[in-house]
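**Student:** quick one, structure for this:
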Amino acid sequence: MNDHTRLHFYASSPESCGYLPDRKSISAFANPYMDMDIETYDELIQFGFRRSGAYLYRPHCPDCRECISLRLPVADYRLSRNDRRCLKRNSDIQTKVMKGRFVDEHFQLYRDYINSRHSGGSMENPSRTDYQRFLICDWSDTEFIEFRVDNTLLGVAVTDRTRTGLSAVYTFFDPQQQHRSLGHFAILGQIQKCLDEDLAYLYLGYLIKDCAKMNYKARYKPAQGFINNMWVDMP
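**Tutor:** Next comes the predicted model:
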């Protein structure tokens, strides 16, 4: 494990919030110049941190507490009627797990997804370097879960393995396959993967109730949120 006397934290400069209009966001991030490892990652994820590329960060906005780090205690999760419909709708999908690395087929699908979902935004027209910097990291234990039908790639769920669970980093899929609800399907698959591998939690990142793109996570219950520096049961 790293010598934690060297683990310092920094704050970013205020910038426009990508989720809530007319607000500024600030992130706290771990020293990007230290040698990171999975053990430190696992400790920081207990305090609401997330991975973006090789960086570990969490929101640090002085006047806003809208971003709530969310995790699911998977042993308590029960499939809803909507969950079962999603699984049935995608019963023809074959999944394959591979180590996190650059694959051009994945990148092309990611590019189509971003240009469809984030047209006109800062993520539009990502380069290979953008893709790698966002999802691939040389110190994390990252897996790419492929979703295919008849060998056609429909989606990819990027997930990190930690000591206490899996962290759902990002999911991207064919924009023409929205009717399948592949984002939902990916989360259900990662819940099952945690159960199969005796991992306690699936970390879902940040719930933002007033943001349409981020409030979907509230459907997954029971859940725990990191609030006031402790994990508490969400209502």
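**Student:** leaving out sequence neighbours, find the closest residue to the residue positioned nearest the centre of the chain.
**Tutor:** With distances taken as C-alpha atoms, centre = their mean, the residue of the chain nearest its centroid is Val169 (2.5 Å). Counting by C-beta to C-beta, 6 or more residues apart in numbering, Val169 lies nearest to Val158, which is 4.3 Å off, once chain neighbours are set aside. (Each C-beta comes from the backbone N, C-alpha and C, glycine too.)
**Student:** once you drop chain neighbours, what's closest to Ala157?
**Tutor:** The shortest distance from Ala157 to any residue other than its chain neighbours is 3.9 Å, reached at Ala186 (C-beta to C-beta, 6+ apart).
**Student:** ok, that neighbour touching Ile145?
**Tutor:** Yes: the pair Ala186 / Ile145 is scored as a contact, 7.1 Å apart, by C-beta atoms under 8 Å.
**Student:** just the element for the spatially closest residue to Tyr203 that is not a sequence neighbour, please.
**Tutor:** Take Tyr203 and drop its neighbours on the chain: the residue closest to it by C-beta to C-beta, 6+ apart is Ser167, 4.2 Å away. Assigned by DSSP states H and E, Ser167 falls within strand 165-173.
**Student:** follow-up on the earlier one: any shared contact partners between Ala186 and Ile145?
**Tutor:** Taking C-beta atoms under 8 Å, 6 or more residues apart in numbering as the contact rule, the neighbours common to Ala186 and Ile145 are Ala157.
**Student:** more neighbours: which of the two?
**Tutor:** Neighbours were tallied for Ala186 and for Ile145 using other C-beta atoms under 10 Å; the higher tally belongs to Ala186 (24 against 18).
**Student:** helix, strand or coil for the more buried one?
**Tutor:** helix (DSSP: H, G, I helix; E, B strand; the rest coil).
**Student:** low-confidence ranges, the chain, go.
**Tutor:** Low-confidence segments of the chain (pLDDT under 70): 1-6, 119-122.
**Student:** 80 instead?
**Tutor:** Regions of the chain meeting the criterion pLDDT under 80 cover residues 1-6, 118-124.
**Student:** tell me where it has helices.
**Tutor:** Taking DSSP state H, the helices of the chain run over residues 38-45, 81-89, 104-117, 128-135, 182-196.
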